[in-house]
Every structure is written in structure tokens, then in C-alpha cells.
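S.K.: Can you look at this prediction? I've put the sequence above it.
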Amino acid sequence: MITIRLNAADVGRIRFALSPLWEAMTSVRALSNNTARSVHGPWLQKVRPTIEGDDLTLLKALIPPAGYVPDFLTPAPPRRSTSFESGLAAIAATPHDLVVDELRRLHTDTPHPLLPELIAHPAAGLERITSALESYWRRAIEPDWRRMRALLQEDLAFRLDELASGGLERLFRNLHPSIHYRSDRIEIDRPYCCDGEPMTGQGVLLVPCVFTWPAGLAVTAAPHVPTITYPPRGLGRLWEDRQDITDSPLADLVGRTRAAIVSHLDLPMSTTHLAHQLGVSAPTLSVHLGILRNAGVVASRRDGRTVLYHRTSLGSQLLSASTSLATTA
């Protein structure tokens with residue numbers, strides 16, 4: 001059992017964030033622990049032929065299939081949404097004594113022949129680690145990051161609505177079966193527990209993370225911000241192949257472009273992202289989105305400076321009915 005004790009300051013500082021760096025780090029463990037039949041099977045089959053090499057060997061030494069992972073590899077995002085590059089910069093700025101301490105612990109728990117060199121030369125080791133991470137990110141995560149980010153943003157919108165509707169108790173009740181809120185503490189049912197007590201007064205960071213499925217990770221040891229990751233809602237949709245409905249009853253009714261828009265909005269997308277997916281200009285797309293929104297088929301919400309569009313329940317019903325008709329025709 002992992003316990004994070006909360007004082008009044010901690011409760012007031014519970015927050016959410018997205019982290020592309022966390023996705024990259026946790027995906028390395030997913031490579032070891034998932035199969036072609038798992039929820040991440042389609043991703044595994046796609047990336048495995050492109051990522052083998054020294055960079056992945058180093059990352060697997062740092063992130064074993066189970067047990068301890070050095071906490072400096074998963075720095076707390078300072079804002080709700082940050083870039084992969086800012087996460088790399090945070091790793092590169094880790095104090096060398098902290099790098100040595102955490103790598104020594106890793107080597108004690110899960111020995112690997114690459115670790116002693118990193119421990120002996122932490123400055124050079126950080127350069128090797130960040131270089132390997134950047135190379136891995138470009139090949140394994142970045143091509144699908146927009147889609148992952150849309151799923152994570154959808155989860156955040158739901159969690160914030162839960163918090164607004166029922167407070168912390170409602171938020172944590174539906175967060176993950178292993179995570180429990182007890183008013184003065186958060187308890188996480190985990191067979192593996194990190195040493196060290198988290199520092200109070202820093203709050204708690206909640207990070208939805210695609211590749212932590214089916215469980216999650218927790219960072220608790222000082223001086224790191226207490227952090228809990230959990231799988232986002234709707235993860236089963238992430239790698240689904242989207243059905244082509246350009247020749248369907250829905251396309252006959254509303255036109256091929258609008259039917260394609262409805263089909264693509266299984267996850268929230270910005271105009272720019274959707275225009276890139278469909279190969280149409282943003283102004284043309286905006287006209288179609290306006291018509292669909294006025295008809296109640298799609299809806300929009302603001303996320304910072306970005307407007308995200310998503311399919312409504314009516315849009316989902318139309319899409320489902322069109323698919324059924326096309327199948328039986």
C-alpha cells in the first residue's frame with residue numbers, strides 16, 4: 001500500500017497535468033509487458049520494427065518491466081499541458097547527486113551492465129539518457145501524440161466536471177479502482193511500494209497516462225512532487241481503425257466531408273488537427289463544423305486557447321445507424 005498523507009495545503013494544490021514525457025517513459029515498460037492481443041497491441045505491432053537499437057536498450061535498463069523506476073525520469077509538469085522538450089530539459093537539469101542516488105537504487109533492485117557507467121559519470125549519463133529519449137520519442141510516440149493528447153484532454157474535461165459536481169470524493173471514486181481518497185490521505189493499492197515519505201505542502205499531481213494501463217505509477221519520495229498516474233477513460237478506442245464511411249447513407253445525407261468529420265470526431269480535435277486528418281483547408285472545415293454544430297451533431301468546448309470539437313450523442317447515433325445500414329445493404 002502506498003499512502004500519500006494530505007494537509008490543508010496539499011488538498012488545495014491537487015491538480016491535473018498532461019505529460020508527453022511520461023507517455024514516452026511508460027511506453028518503454030509497455031513494450032515489455034504488453035502483447036499483440038492487449039489494448040496496445042496495434043501500437044506495438046507498428047512501432048516494434050522501428051525502435052530496436054542502443055537507445056531502446058538503454059531505456060529498458062532504466063525502466064525495467066517491474067519495480068522501481070528512477071523518479072528523476074518523470075519530472076512533474078509545471079503546468080496543465082507541457083511539451084516533450086520541456087520535460088527533457090527538466091531531466092537534463094536534475095542535480096547529479098540525485099541522479100546517482102536514484103540510479104544506485106535502481107542498480108541494487110534491478111542490476112544492469114549499463115548502469116555503473118551512468119552512475120560513475122552522471123553528467124555524461126544525463127546526455128545519453130536525454131538523447132536516447134528524444135530519438136525514441138520521434139519514432140515511437142510523436143506520430144500518434146495528437147491522437148493520444150485528444151484522448152487525455154477528453155479525460156481531463158470529464159475529471160474536472162466530476163470535481164465541480166461532487167468534489168474530491170466523487171473525483172477519486174471514479175479515478176481508478178486502486179486509488180482511494182480518505183480525506184487526510186490518498187491510498188494506492190500496489191504490491192510494490194517506494195521507500196521514503198512524500199513532502200507535505202506540495203499538493204498532489206494527477207496525470208492521465210495512456211501507457212500506464214491497466215494499473216498506474218506513483219512518485220512519492222522527496223524531493224519530488226507526489227504524483228499519481230492513471231489510465232484515461234476511453235482507452236479502448238485509441239488504436240481502433242476508423243471505418244471509411246465516404247460511401248454510406250450518412251455521406252449521402254450530409255455529404256462526404258461532413259460524414260468524414262463525424263467519423264473522425266470519436267476523440268476531441270481542434271480545427272487544425274481535423275483539417276490535417278481530412279486534407280481540407282481550415283476555413284472550409286470551419287464552415288462544415290458550423291453547420292454540424294447548429295444541427296446538434298457536433299459540439300465544441302474551449303481548452304486554453306484551443307477550441308476542441310467532439311461528436312455528440314446524436315452524431316454517434318447517426319454514425320452507428322449509417323454503419324448498420326451500410327452493413328445490411
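M.R.: Good, I have the coordinates.

S.K.: center of this structure - which residue?
M.R.: Nearest to the mean C-alpha position of the chain, by Cα atoms, centre = their mean, lies Cys209 at 3.2 Å.

S.K.: Tell me which helix or strand the spatially closest residue to that one that is not a sequence neighbour sits in.
M.R.: The shortest distance from Cys209 to any non-neighbouring residue, by Cβ to Cβ, 6 or more residues apart in numbering, is to Thr229 (4.2 Å). (Glycine included, C-beta is placed from N, CA and C.) Thr229 is located in strand 227-230, with elements delineated by DSSP states H and E.

S.K.: Please apply the same query to Thr257.
M.R.: Here Thr257 sits within helix 256-264, counting by DSSP H and E.

S.K.: Packing partners of the following helix or strand past that helix?
M.R.: Downstream of helix 256-264, the first helix or strand assigned by DSSP H and E is strand 269-270. Under the contact criterion of 3 or more Cβ pairs under 8 Å, 6 or more residues apart in numbering; DSSP states H and E, strand 269-270 touches strand 306-311.

S.K.: Could you figure out how far the strand it packs on is turned away from helix 256-264?
M.R.: Per axes from the mean of the first three to the mean of the last three Cα atoms, to 10 degrees, the angle that strand 306-311 makes with helix 256-264 is 90 degrees.

S.K.: Pretty sure the residue nearest to the centre of the chain sits against Gly216.
M.R.: Yes. Contact status for Cys209 versus Gly216: in contact at 7.3 Å, counting by Cβ atoms under 8 Å.

S.K.: can you pull the contacts of Glu102?
M.R.: Contact partners of Glu102, counting by Cβ atoms under 8 Å, 6 or more residues apart in numbering, are Pro70, Asp71, Phe72.

S.K.: So, low pLDDT: which residues of the chain?
M.R.: 36, 190-201, 222, 240-248, 251-252, 273, 276-277, 304, 323-329 (pLDDT under 70).

S.K.: the helices in it, which residues?
M.R.: Along the chain, the segments classed as helices by DSSP state H run 8-11, 20-33, 41-51, 54-62, 84-92, 96-109, 115-120, 122-136, 145-173, 249-254, 256-264, 271-278, 282-294, 313-328.

S.K.: Most tightly packed of those helices?
M.R.: Burial of these is given as mean neighbour count (mean count of other Cβ atoms under 10 Å); helix 20-33 ranks first at a mean of 22.

S.K.: Can you tell me how far Glu102 is from Leu133?
M.R.: Note on Glu102: its distance to Leu133, by Cβ to Cβ, to the nearest Å, is 16 Å.
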